[in-house]
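Novice: here is my input; please provide its structure:
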Amino acid sequence: MKVKLCILGLLATCAGILFGCITDATGPRHGQKVWVAIEPIQCLGNLWERDWLAKHDQDYSGYPRDREGELAVIKAYFEGKGISVHALASRPKYAIVCCACSCARGDTLYLLVNARDVLWMEDMGFRREAPGNSGPITWYD
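Specialist: Have a look, this model is predicted:
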């Protein structure tokens, strides 16, 4: 009886290890990578945008406005902080936004990061949230 319990315990532990490191588009099944989300604000006021502006003489007109350029800015910012961004997505959230620079720009930005970096991301205003499968979403390459 004790042998059977030990074998069952060992199998359960192995299954937990194997299936505990799976992440998919609907969110983390915990382990290595976790989705975090934030509602970016307007007027290039987000951390990664302010960092880019500081490094480029506050050149608002030169800030990359295309998807690939924004992805590069976001990845460079977080890599500079030692945080790897493995995937990035954006989903529309608000149809109407206010015009103040402190207002949300109208979308939710999702980043897939290493689980060990989640607390840092939360300190920067992100929350744990996966993009899910409902509604339109833009996936960055």
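
Novice: nearest the middle, which residue of this protein would you pick?
Specialist: With distances taken as Cα atoms, centre = their mean, the residue of the chain nearest its centroid is residue 111 (1.5 Å).

Novice: low-confidence ranges in the chain?
Specialist: 1-31, 141 (pLDDT under 70).

Novice: now the strands for it?
Specialist: Assigned by DSSP state E, the chain shows strands spanning 23-24, 27-28, 33-38, 85-92, 107-114, 127-128, 138-140.

Novice: okay if I get the ones you listed as CSV plus distance to residue 69?
Specialist: For the C-beta atoms, the positions are set from N, CA and C on the backbone; glycine is no exception. Output for these, formatted as CSV (distance: least, Cβ to Cβ, whole Å):
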stretch, distance to residue 69
strand 23-24, 26
strand 27-28, 27
strand 33-38, 19
strand 85-92, 13
strand 107-114, 15
strand 127-128, 26
strand 138-140, 11
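
Novice: so which of those gets nearest residue 74?
Specialist: strand 85-92 (6.4 Å; Cβ to Cβ).

Novice: packing partners for the closest one?
Specialist: Secondary-structure packing of strand 85-92 (3 or more Cβ pairs under 8 Å, 6 or more residues apart in numbering; DSSP states H and E): helix 67-80, strand 107-114, strand 138-140.

Novice: CA atoms only: put the first one into PDB for me.
Specialist: In PDB, the C-alpha atoms belonging to helix 67-80 read as follows (Å, rounded to 0.1, in the frame of the first residue of the first chain):
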ATOM      1  CA  ARG A  67       3.400  49.000 -34.700                       C
ATOM      2  CA  GLU A  68       7.000  47.700 -35.300                       C
ATOM      3  CA  GLY A  69       8.500  50.900 -34.000                       C
ATOM      4  CA  GLU A  70       6.400  50.900 -30.900                       C
ATOM      5  CA  LEU A  71       7.200  47.300 -30.200                       C
ATOM      6  CA  ALA A  72      10.900  48.100 -30.500                       C
ATOM      7  CA  VAL A  73      10.600  51.000 -28.100                       C
ATOM      8  CA  ILE A  74       8.700  48.800 -25.500                       C
ATOM      9  CA  LYS A  75      11.100  45.900 -25.800                       C
ATOM     10  CA  ALA A  76      14.200  48.200 -25.500                       C
ATOM     11  CA  TYR A  77      12.800  49.900 -22.400                       C
ATOM     12  CA  PHE A  78      12.000  46.700 -20.500                       C
ATOM     13  CA  GLU A  79      15.200  44.900 -21.700                       C
ATOM     14  CA  GLY A  80      17.100  47.900 -20.300                       C
END
